[in-house]
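**Q** Provide a 3D model corresponding to the input given below.
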Amino acid sequence: MRALASLSKYQGRYDRWQQIVKSHQLTWSTGTDQFNQQWIQNMIDGTGQIDEMLTWLRDATARLPAPYCNALLCNAMTGLRVEENYECMKLIRSDRQNYVMERGGLYLLLHYKHPEIFFRPTKKAFLSIVNKEGMQLLESAEPVNPNALRLAQNHRKLPCRTKWTRKIHNNVLKQAGLDSELVDVLAGRVPVTVFQRHYLKSGLPLDKIAGAVGELWKIIEPCIQTPKML
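**A** Presented below is the predicted three-dimensional model:
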């Protein structure tokens, strides 16, 4: 609707566009109402709840070969989208000095230093934080092409719900006590409120983050597979 209105103004036919809107009773919508309806329905049905996501993750990692299993677990550890996590694992190997920062026993993955990879028009990643064990997993696991990961799940007739790894990451961190504003930043959401833009400047609460990441690791560690030696 917005694009058509802009086009009609550009062509000098805005009056005609208004007539069309009025005669056909067209209305503007951002999709929010539909999203809210779906969210409430999911909540009632229990669809996409954290327990269901964790059950899927345990089942998928048990049935996939080690490289694909550990790639899924790396996704859950960083909270990145599958394509971003693939690039992240490659950068750890190729540009660790500039990409990885150690602070207070935690490892900060500085995605913002590579905007050409992690900054897209509607999807961004600024920062991921993992503990020592999570960093070791990222270093030892093999980077798996996103398409190969999808095909591996399809081949074994697994529901391809890789996006759930990101939801698991965010939900666990929130349930472990991290502020919503910090979880939003780690999820790549640009601050939009006045509070986030101007007042959330107290630095990273490393002790609280360490505890939250530790809870995430408790979920991931039992699912890790050791690659078979040939």
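
**Q** and residue 53, how many neighbours?
**A** Applying other Cβ atoms under 10 Å, we find 19 residues neighbouring residue 53. Every C-beta, even on glycine, is put in place using the N, C-alpha and C of the backbone.

**Q** does it touch residue 167 like I think?
**A** Yes. Look at residue 53 against residue 167 with Cβ atoms under 8 Å: they come within range, at 6.0 Å.

**Q** list the contacts of residue 132.
**A** 105, 107 (Cβ atoms under 8 Å, 6 or more residues apart in numbering).

**Q** from residue 107, how far out is it?
**A** 7 Å (Cβ to Cβ, to the nearest Å).

**Q** what sits in contact with each of those two?
**A** Counting by Cβ under 8 Å, 6+ apart, nothing touches both residue 132 and residue 107.

**Q** residue 4: neighbour count?
**A** Residue 4 has 12 nearby residues by other Cβ under 10 Å.

**Q** just confirm it is within a helix.
**A** Yes. According to DSSP: H, G, I helix; E, B strand; the rest coil, residue 4 belongs to a helix.

**Q** got the confidence number for it?
**A** Looking at residue 4, its pLDDT stands at 83.

**Q** which residues touch it?
**A** Contacts of residue 4 by Cβ under 8 Å, 6+ apart are residue 17.

**Q** stretch 111-130: how far from the chain's middle?
**A** 11 Å (Cα atoms, centre = their mean, to the nearest Å).

**Q** buried sites along it?
**A** Residues of stretch 111-130 classed as buried by neighbour count (16 or more other Cβ atoms under 10 Å): 111, 114, 118, 124-130.

**Q** check which helix or strand residue 61 maps to.
**A** helix 50-63 (DSSP states H and E).

**Q** buried residues in the helix or strand following that helix, which are they?
**A** Toward the C-terminal end, the helix or strand that comes next after helix 50-63 (DSSP H and E) is helix 66-78. Neighbour-count burial for helix 66-78 flags 67-78 (criterion: 16+ other Cβ under 10 Å).

**Q** from those, which single one is nearest residue 103?
**A** residue 78 (16.3 Å; Cβ to Cβ).

**Q** hang on, the earlier thing: helices or strands up against the helix holding residue 61?
**A** helix 66-78, helix 163-175 (3 or more Cβ pairs under 8 Å, 6 or more residues apart in numbering; DSSP states H and E).

**Q** so what touches the last one?
**A** The set of residues external to helix 163-175 that reach it, using Cβ under 8 Å, 6+ apart, is 48, 50, 53-54, 56-57, 72-73, 75-82, 180, 183, 186-187, 212-213, 215-216, 219.
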